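K.L.:
take this sequence and fold it.
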Amino acid sequence: MRNKGGLITAVADASPAAQAGVAPGDRLWLINGQEVTDLIDYQFLQSDEWVDVELERPGGERYQVTITKDSDTGLGLSFEDAVFDGIRQCRNRCSFCFLDQLPMRMRRSLYLRDDDYRLSFYHGNFVTLTNWTPANWRRIYDQNLSPINISVHTTNGRLRAEMLVNKRGARIKRQLRSLADHGIQFYGQVVLCPGVNDGKELDKTIRDLLAYHPTMINLAIVPLGVTKYHKNAMAETTLAWCREVIAQVQRWQAHCLETYGEPVVFLGDEFYIQGAKALPAAKHYGEFPLAEDGVGVSRLFEKEFRKLAKQLPVALPAPRRVTVVTGQMGTPMLQAAVDRLNTIENLTVQLVTVVSEFWGPRISATGLVTGSDLMTALAGRDLGDAVILPKVMLRSTGDLFLDDVTFDELCHVVTAPVTVVPTNAAGLISGVMADESWIGRESSVPIVVYSWEKSL
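P.N.:
Numbering: from 1, shown residues only. Model prediction:
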């Protein structure tokens with residue numbers, strides 16, 4: 001796509017760019033005569049001590065500034081997007097792709113399927129490697145863009161090509177070997193589909209990927225999600241199947257603990273929740289590197305809530321009643337926290353689980369709760385003094401749910417004020433206690449589970 005220039009949204013006070021007269025609303029085009037197409041270019045090119053920058057004012061006027069600075073000092077610019085020349089879209093047609101299961105007539109931006117290595121590097125998106133050009137590979141090696149999140153799914157080349165509906169998917173082992181040879185680390189992901197890439201195929205995939213460890217840092221295995229709009233017949237993820245997968249992966253984890261001193265291979269929380277099995281202890285997940293992929297989220301929340309709970313008061317000065325909202329998968333995680341909050345005198349917390357009518361009963365993630373389902377779940381209830389809503393339910397601008405119901409529309413329907421909070425333990429407590437100071441008391445990691453929408 002054509003480069004539209006990097007739209008500057010903020011200029012740090014007293015930064016080299018601010019002193020040179022660069023302002024929000026300007027567009028960045030060139031640094032030292034080289035086109036800037038994304039944040040990677042920007043970070044790489046701004047490191048010189050002498051920087052010639054070409055920009056454009058909102059009215060279209062081009063101008064140049066020359067900036068002298070220390071090599072370890074940045075220009076001080078923030079941008080609207082990580083890429084300036086358009087997101088590189090996915091060329092695959094995976095049978096299990098969630099975006100292919102959207103209903104018709106949703107807003108156009110929701111159908112955008114990215115497969116852009118730059119978003120993997122900056123935002124943690126997973127990529128399949130099927131659309132990389134020779135220039136992309138050279139750039140990754142030359143600029144040491146590591147680690148990268150890779151959707152592996154299987155190391156069986158034939159099967160992977162079938163799953164992705166792209167013959168380029170068969171190159172995966174060769175590509176992973178090339179990354180390893182160049183010292184590029186990666187996180188792997190397997191979306192596990194019953195009867196497709198599970199069983200012996202999963203054993204092969206794990207065995208093959210462990211050969212790259214520690215270049216392959218960790219492997220996350222998550223179950224497919226199937227909406228009621230799915231056009232292909234996909235086997236359901238049952239309790240029995242989840243338990244089989246748990247037992248299978250536990251054997252590999254035991255092997256990894258003995259060989260590497262860490263589990264390496266991890267299961268998404270949904271396997272344990274749907275399989276009615278207890279999650280591993282918090283120490284199993286280390287520093288929770290895969291939390292945004294739904295791995296260890298429950299234990300992370302529990303760990304942080306326990307730390308913060310030590311600071312909770314015995315009583316509130318006045319009665320307060322609130323309603324906390326979550327998806328079905330979040331209910332087990334939140335119930336213990338709500339029970340603890342209800343021990344505070346003068347505080348009553350009601351937990352409401354939203355069942356998905358919009359997507360169908362097989363979709364239970366909090367990050368996929370829609371505005372219409374929220375309205376249904378809250379209708380006719382005594383909601384108390386406030387409704388506490390996790391931020392992950394809304395797009396990043398905070399104004400819209402996945403089904404195009406606006407935040408204002410929800411607020412007009414429900415019978416209590418709605419408070420949107422960070423999707424973590426500190427956010428929950430801050431909303432329940434009506435005290436934002438809780439958000440800064442613990443370095444809570446935002447828990448963004450199964451929400452592909454960044455700013456769509």
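
K.L.:
is Thr419 bridged to anything, and to what?
P.N.:
Applying DSSP bridges to Thr419 yields these beta-bridge partners: Ile388.

K.L.:
residues near it, how many?
P.N.:
Neighbours of Thr419 under the rule other CB atoms under 10 Å: 17. Just so you know, the C-beta spots here come from the backbone N, C-alpha and C atoms, and that holds for glycine as well.

K.L.:
ok, now which ones touch it?
P.N.:
By CB atoms under 8 Å, 6 or more residues apart in numbering, the contact set of Thr419 is Ala386, Val387, Ile388, Leu389, Gly431, Ala434.

K.L.:
which among those end up buried?
P.N.:
Ala386, Val387, Ile388, Leu389, Gly431 (16 or more other CB atoms under 10 Å).

K.L.:
re earlier: and the two most separated of the contacts of Thr419?
P.N.:
Greatest spacing in those, by CB to CB: Leu389 and Ala434 (14.0 Å).

K.L.:
can you show me the strands along the stretch 251-400 of the chain?
P.N.:
265-267, 315-327, 345-354, 386-390 (DSSP state E, counting those that start in this stretch).

K.L.:
highest mean neighbour count out of these?
P.N.:
Of the strands of the stretch 251-400 of the chain, the one with the most neighbours on average (mean count of other CB atoms under 10 Å) is strand 265-267, at a mean of 27.

K.L.:
mind listing residues that contact it?
P.N.:
206, 210, 218-222, 245-246, 249, 252-253, 256, 285, 290, 295-296.

K.L.:
for that strand, what is the average pLDDT?
P.N.:
On average, the pLDDT along strand 265-267 is 98.

K.L.:
same thing with stretch 166-185?
P.N.:
Across stretch 166-185, pLDDT averages out at 96.

K.L.:
mind listing what's buried in that stretch?
P.N.:
Under the neighbour-count criterion of 16+ other CB under 10 Å, stretch 166-185 has 166, 168-173, 175-176, 179-180, 184-185 buried.

K.L.:
among the residues you listed, which are located in helices?
P.N.:
Using DSSP state H, the subset of the buried residues of stretch 166-185 located in helices is Ile172, Lys173, Gln175, Leu176, Leu179, Ala180.

K.L.:
would you turn the residues you listed into a markdown table with distance to Gly380?
P.N.:
Shown next, in a markdown table, are these (distance: CB to CB, whole Å):
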| residue | distance to Gly380 |
| --- | --- |
| Ile172 | 51 |
| Lys173 | 56 |
| Gln175 | 54 |
| Leu176 | 53 |
| Leu179 | 54 |
| Ala180 | 57 |
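
K.L.:
tell me the one of those residues nearest Gly195?
P.N.:
Distances from Gly195 to those, taken by CB to CB, are shortest for Ile172, at 20.5 Å.

K.L.:
what helix or strand is Met163 on?
P.N.:
helix 157-164 (DSSP states H and E).

K.L.:
that helix versus helix 172-181: what angle between them?
P.N.:
Going by axes from the mean of the first three to the mean of the last three CA atoms, to 10 degrees, helix 157-164 is angled at 100 degrees with respect to helix 172-181.

K.L.:
so which elements touch helix 157-164?
P.N.:
In terms of contacts (3 or more CB pairs under 8 Å, 6 or more residues apart in numbering; DSSP states H and E), helix 157-164 is packed against helix 172-181.

K.L.:
got the angle for the following helix or strand past the helix it packs on vs helix 172-181?
P.N.:
Downstream of helix 172-181, the first helix or strand assigned by DSSP H and E is strand 186-192. Here strand 186-192 runs at an angle of 160 degrees relative to helix 172-181 (the same axes, to 10 degrees).

K.L.:
so what are the sheet partners of strand 186-192 and their directions?
P.N.:
By DSSP bridges, strand 186-192 pairs with strand 148-151 (parallel), strand 216-223 (parallel).

K.L.:
now the helices for this structure?
P.N.:
16-19, 39-45, 117-123, 134-142, 157-164, 172-181, 200-210, 239-260, 269-274, 297-309, 331-341, 371-378, 407-413, 425-433.

K.L.:
ranking those by burial, who's on top?
P.N.:
helix 425-433 (a mean of 24).

K.L.:
what about the residue nearest to Arg2 when sequence neighbours are not counted, neighbour count?
P.N.:
Leaving aside its sequence neighbours, Arg2 sits nearest to Asp85 (CB to CB, 6 or more residues apart in numbering; 6.8 Å). Neighbour count for Asp85, taken as other CB under 10 Å: 18.

K.L.:
pretty sure Tyr42 is in contact with Asn32, am I right?
P.N.:
No: applying CB atoms under 8 Å as the test, Tyr42 and Asn32 come out as separate, 11.8 Å apart.

K.L.:
cool, thanks, talk later.
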